[in-house]
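**Student:** Based on what follows, work out the 3D shape:
(chains A and B)
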Amino acid sequence: MSGPELRSHRFRLEREADWRRLEALLAKAERDRASALTEDELIALPLLYRAAVSSLSVARATSLDSGLIGYLEALTTRAYFFVYGARTRLRDRLARFFRVDWPAAVRSLWRETAISTLILIVAAFVGYVLVAQDADWYGSIMPAEMTQGRDPTAPTAFLKSIIYDAHDKQHLSAFATFLFTHNAQIAILAFALGFAFCAPTALLVAQNGLSLGALMALYASRGLGWPLGGWLVIHGATEMFATILAGAAGFRIGWAVMFPGDRSRLDALADAGRTSGAAMGGVIVMLVVAGLLEGFGRQLIQIDAVRWAIGGATLTVWLAYFYLPRRSFG
Amino acid sequence: MAARTRLASPVAAPARFQRRLVTPEGLDLRLTLASAGERATAYLLDLLIMLGALVILGLLVLAAGLGSGEGNRDVVLIIGLLGWFFLRNGYFVLFELSSRAATPGKRALGLRVVARDGGRLTTEAVFVRNAMREIEVFLPLGVLGMSLAAGDAVDGVMVILGLLWSGAFLLFPLFNRDRLRVGDLVAGTWVVRSPRVALLPDLAQDASRVLPRFAFTAEQSGAYGVKELSILEEVLRRRDPRAMAAVAGRIRARIAFSQPSGETDQAFLEAFYAALRARLEHRLLFGHRRADKFDKA
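**Tutor:** Down below sits the predicted model:
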């Protein structure tokens, strides 16, 4: 023994107070919020973190007290994530999302969006032509629970009543809520399914298009094409756009799985996940809007031209918001 | 629980679950990935909490007297639909966006979500890793629920397919070395251990009191390496008399040391720990790290 105490023990005695202080500050910041720290504490925290980093390097090189090293590793790791983690407030994060991240993500998905749109349109066209030629197709295209009596055998008056029936106005908010949660869940599903090489996502989008076309064909055969268009477009401009974007986000993921390019599959996937994740967050917002338009707007507004006008206006707003060139944002 | 966490020293973590994370200061934090068992436990805890929240929500609705009456049915329906939707999609996202980057279940087990590239954990990444739960858990559960509700014999096939599907996703973390869930894969994240560890007293603190009573030769105090030292440290921290007696006996046999009369095994072990650590740390300063007793360095 060279002295009364080990060097590593003296080292610990000298630095311990700083570690304890860092631990207390971290506990306070994690329990409450970063804003709970005073100005002095905010300035002290990175300094204490760097002191802990230095202590850990020294301890690893000179100390064999594994209890001490374990403590310092845990403390430094916690402090690292606090010092270098995102400390922006939720409000700032949201502002940035709406001003920059969301439109930018949608723009970068333009190729996938075009493919998704194409699938929807072609499927709608096919659905329309099939039902227009042979009404029996309607039953095979539309899921039974979606028809609600709207089938080729129904009398025209009934079909018309669905378009203008205001249900009863009491249940509108419940109806809107149901539409939103249901559609949002489907959209998240379409996105998540993209992981399986795009195919299920494409099927979901195509299914949407087919039913749309079939419904149009049925109503057009009774001369109700224009009113049905208004009934659909008032919320559909938003909802279909959201569906297309969810599909596009799913395609981006599936594409990265299949063709990662010159990066590793993991890196390509993580990159695709980031872009499409921002777009998907936005899709949920769009579906809230669509749910409100469908639940309230469509039931309260009975004039076809107004329905068409609202649908057209929302589509224009979305397109302008996503695709109009803008100054870059720091 | 607390005792177990404290004793789980980083030395004990198998190297194949250790990952490099170099801070801008140039220090490798040596993160340890969470094991599949910890992940599963955390998830079950979260599901239980979500279930509890649903029950409480239901009780509150009942207590507020909203359960009856025609006009109130809408309110109940809206609360139910929105409550379930936000719980299902928001619970994980909001908790993982907080500064702890962990749900209550993960917090209980000392885990947190981290970006694989060591950078900041972005909002998109958290959103994506949890949106993927939709195909991992909720879709097969939904299919199962529907098949059970329908109760058809044909749906037996669907039940089996659903189980296979969710089984493939649930077991996915076991089939890659980073213990990644499909959501982690797509979001570029992984889940690591970041427990709160208490600073334990230094065992060498009392050495000056005990050590003079034992006279170890240089050869005796250099009989072991770092690995044995950390095992000795663990034994001393546990203070289990039987384990201490067994270890003390084996050490005495190896270094041919005769116990002074009136000394306890614990005092012997404390003194030997201090002597061994002093010897090994002294050698460490000169660049020799003796890994274990077979190491000739």
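**Student:** Quick check, pLDDT for residue 85.
**Tutor:** As the question left the chain open, I've gone with chain A. If you check A:Gly85, the pLDDT there is 77.
**Student:** that's the wrong chain, I meant chain B
**Tutor:** pLDDT, B:Phe85: 81.
**Student:** what about A:Gly194, neighbour count?
**Tutor:** Residue neighbour count, defined by other Cβ atoms under 10 Å in any protein chain shown, stands at 30 for A:Gly194. The way it works is simple: take the backbone N, C-alpha and C, and place the C-beta from them, glycine included.
**Student:** where's the residue in the stretch 201-330 of chain A that chain B sits nearest to, which helix or strand?
**Tutor:** When scored by Cβ to the nearest Cβ, the stretch 201-330 of chain A has A:Ala270 as its residue closest to chain B, at 2.8 Å. Secondary structure assigned from DSSP states H and E places A:Ala270 in helix A:265-292.
**Student:** can you give me the offset of that helix from its chain's centre?
**Tutor:** In terms of Cα atoms, centre = their mean, to the nearest Å, the centre of helix A:265-292 is found 4 Å from the chain centre.
**Student:** Likewise for stretch B:281-291?
**Tutor:** Distance, centroid of stretch B:281-291 to centroid of chain: 31 Å (Cα atoms, centre = their mean).
**Student:** Where do the helices of the stretch 1-150 of chain A begin and end?
**Tutor:** Assigned by DSSP state H, counting those that start in this stretch, the stretch 1-150 of chain A shows helices spanning A:7-31, A:39-62, A:66-84, A:90-96, A:102-108, A:110-133, A:137-141, A:144-147.
**Student:** Deepest in the core, which of the ones you listed is it.
**Tutor:** helix A:66-84 (a mean of 22; mean count of other Cβ atoms under 10 Å in any protein chain shown).
**Student:** Can you work out which other helices and strands pack against that helix?
**Tutor:** helix A:7-31, helix A:39-62, helix B:226-238 (3 or more Cβ pairs under 8 Å, 6 or more residues apart in numbering or on different chains; DSSP states H and E).
**Student:** For the stretch 101-250 of chain A, give me the ranges with low pLDDT.
**Tutor:** Applying pLDDT under 70 to the stretch 101-250 of chain A flags the ranges A:143-149, A:165-172.
**Student:** So which residues on it come close to chain B?
**Tutor:** A:101, A:105, A:170-171, A:173-174, A:177-178, A:180-181, A:184-185, A:188-189, A:191-193, A:195-196 (Cβ under 8 Å from any Cβ of the partner chain).
**Student:** for the longest helix anywhere in chain A, packing partners?
**Tutor:** Determined from DSSP state H, the single longest helix within chain A is helix A:225-258. Where contact means 3+ Cβ pairs under 8 Å, 6+ apart, helix A:225-258 is packed against helix A:110-133, helix A:156-164, helix A:172-193, helix A:199-220, helix A:265-292, helix A:298-300, helix A:304-323.
**Student:** now those helices as a markdown table including distance to B:Arg277?
**Tutor:** Output for the helices and strands packed on helix A:225-258, formatted as a markdown table (distance: least, Cβ to Cβ, whole Å):
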| stretch | distance to B:Arg277 |
| --- | --- |
| helix A:110-133 | 61 |
| helix A:156-164 | 83 |
| helix A:172-193 | 53 |
| helix A:199-220 | 60 |
| helix A:265-292 | 42 |
| helix A:298-300 | 77 |
| helix A:304-323 | 64 |
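**Student:** What's the separation between B:Phe268 and chain A?
**Tutor:** According to Cβ to the nearest Cβ, to the nearest Å, B:Phe268 stands 16 Å off from chain A.
**Student:** Quick check, pLDDT for A:Ser35.
**Tutor:** 69.
**Student:** what's the answer for B:Leu284, then?
**Tutor:** Reported pLDDT for B:Leu284: 89.
**Student:** B:Ser98 too?
**Tutor:** For B:Ser98, pLDDT reads 82.
**Student:** And it, its phi and psi?
**Tutor:** phi -70, psi 170 (degrees, to the nearest 10).
**Student:** Going by proximity to chain A, name the top residue of chain B.
**Tutor:** Taking Cβ to the nearest Cβ, chain B has B:Gly188 as its residue nearest chain A, at 2.8 Å.
**Student:** Would you mind confirming that the residue of the stretch 201-330 of chain A closest to chain B is in contact with B:Gly188?
**Tutor:** Yes - between A:Ala270 and B:Gly188 there is a contact at 2.8 Å, judged by Cβ atoms under 8 Å.
**Student:** Report the set of residues contacting both of the two.
**Tutor:** B:Arg116, B:Asp117 (Cβ atoms under 8 Å, 6 or more residues apart in numbering or on different chains).
**Student:** Same drill for those two, tell me which one is more crowded.
**Tutor:** Between A:Ala270 and B:Gly188, B:Gly188 has the larger neighbour count (other Cβ under 10 Å), namely 26 against 23.
**Student:** so who does that one touch?
**Tutor:** A:Leu266, A:Asp267, A:Leu269, A:Ala270, A:Asp271, A:Gly273, A:Arg274, B:Ala115, B:Arg116, B:Asp117, B:Ala125.
**Student:** can we see that at 7 Å?
**Tutor:** A:Ala270, A:Gly273, A:Arg274, B:Ala115, B:Arg116, B:Asp117, B:Ala125 (Cβ atoms under 7 Å, 6 or more residues apart in numbering or on different chains).
**Student:** between those residues, which is closest to B:Arg254?
**Tutor:** Closest approach to B:Arg254 among the contacts of B:Gly188 (Cβ to Cβ): B:Arg116, at 45.1 Å.
**Student:** so what's that closest one up against?
**Tutor:** By Cβ under 7 Å, 6+ apart, the neighbours of B:Arg116 are A:Ala270, B:Gly188, B:Thr189, B:Trp190.
**Student:** Swap in 8 Å and give it another go.
**Tutor:** A:Leu266, A:Ala270, B:Asp178, B:Asp184, B:Gly188, B:Thr189, B:Trp190.
**Student:** Give me the phi and psi for it.
**Tutor:** Torsion angles, degrees, to the nearest 10, at B:Arg116: phi -60, psi -30.
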